[in-house]
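S.K.: my questions concern the predicted model and sequence given below.
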Amino acid sequence: MTSFPAIARRVRDESLDPRQRRMRLRNCLFHFAPYGFRATWDHLATTHRIPGSIEVDPSSLVRALGELEAARALVLPRAAEFAAQRRLQKREGRRVPATLHPWDSWGCSAIAYCPDPRKHPPEPLPVVVRRVLDACVAGVDPAGRCLVCGDDDRRPLRACRNCGVLPGGRGNPL
Ligand SMILES: [Zn+2]
């Protein structure tokens, strides 16, 4: 599969048809989509006012890509660090702890998964992603408090009523 940076270059490639570039931006979300594919697309399309007729404003794609890349840049080092730690633990024969970090099982994607594509946090992606990463490092229990907005009225297996994020991600809802 083509890498995220390679697809990102195609999004910025002004020699391509704007519809092709929009498709490439959507392809980026297969590699990295903090809210899951549909909710992340909805967030980017709304925030950067990506028009239905993309020929009108193809630069909206580049603005959206910039936000996505900024969030991804936060996740990559931490995901690599976590993977290295897991490898070391395995090599030392230590029991590997249960998955606590959503990005572990989903490869950097859907770390603030929103099951309803229209309901997601209003802040920029890097702000939300940083908050989730910091909360995980601090050991905040996502079953007791929403990692994104701090709402403590958690309902098991349900998305946060306030910001729409499902704790634990789609693979492991808490
Ligand atoms: Zn929340």
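M.R.: In hand now; what should we look at? Note that this is a predicted model, so its numbers are computed, not measured. Residues are numbered from 1 along each chain as shown.

S.K.: just say helix, strand or coil for the most centrally placed residue in the chain.
M.R.: For the chain, the residue nearest the mean C-alpha position is residue 34 (1.0 Å; CA atoms, centre = their mean). Put simply, residue 34 is coil when judged by DSSP: H, G, I helix; E, B strand; the rest coil.

S.K.: show me what from this protein comes close to the ion.
M.R.: Proximity of the chain to the ion, by CB under 5 Å from the ion, involves residues 146, 148-149, 151, 160, 162-163. (Each C-beta comes from the backbone N, C-alpha and C, glycine too.)

S.K.: ok, back up a step: who's in contact with the residue nearest to the centre of the chain?
M.R.: 40, 71, 75, 109-112, 125, 128-129, 132 (CB atoms under 8 Å, 6 or more residues apart in numbering).

S.K.: ok, residue 36 next?
M.R.: Applying CB under 8 Å, 6+ apart, the residues contacting residue 36 are 109-110, 113-115, 117, 170.

S.K.: returning to that earlier point: nearest to the ion, of the contacts of residue 34?
M.R.: Here the nearest of the contacts of residue 34 to the ion, counting by CB to the ion, is residue 112; it sits at 8.9 Å.

S.K.: rebuild the contacts of residue 34 as a markdown table, extending it with secondary structure.
M.R.: Formatted as a markdown table, the contacts of residue 34 follow (three-state DSSP):
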| residue | secondary structure |
| --- | --- |
| 40 | helix |
| 71 | helix |
| 75 | helix |
| 109 | coil |
| 110 | coil |
| 111 | coil |
| 112 | coil |
| 125 | helix |
| 128 | helix |
| 129 | helix |
| 132 | helix |
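
S.K.: lowest-confidence one in those?
M.R.: Ranked by pLDDT, the contacts of residue 34 bottom out at residue 109 (73).

S.K.: and the closest residue to that one other than its chain neighbours, how many neighbours does it have?
M.R.: In this structure, residue 109 finds its nearest non-sequential neighbour in residue 33, 5.3 Å apart by CB to CB, 6 or more residues apart in numbering. The number of residues packed near residue 33 is 27, by other CB atoms under 10 Å.

S.K.: for residue 33, give me the pLDDT.
M.R.: pLDDT recorded at residue 33 is 93.

S.K.: check residue 98 too.
M.R.: For residue 98, pLDDT reads 52.

S.K.: done for today, thanks.
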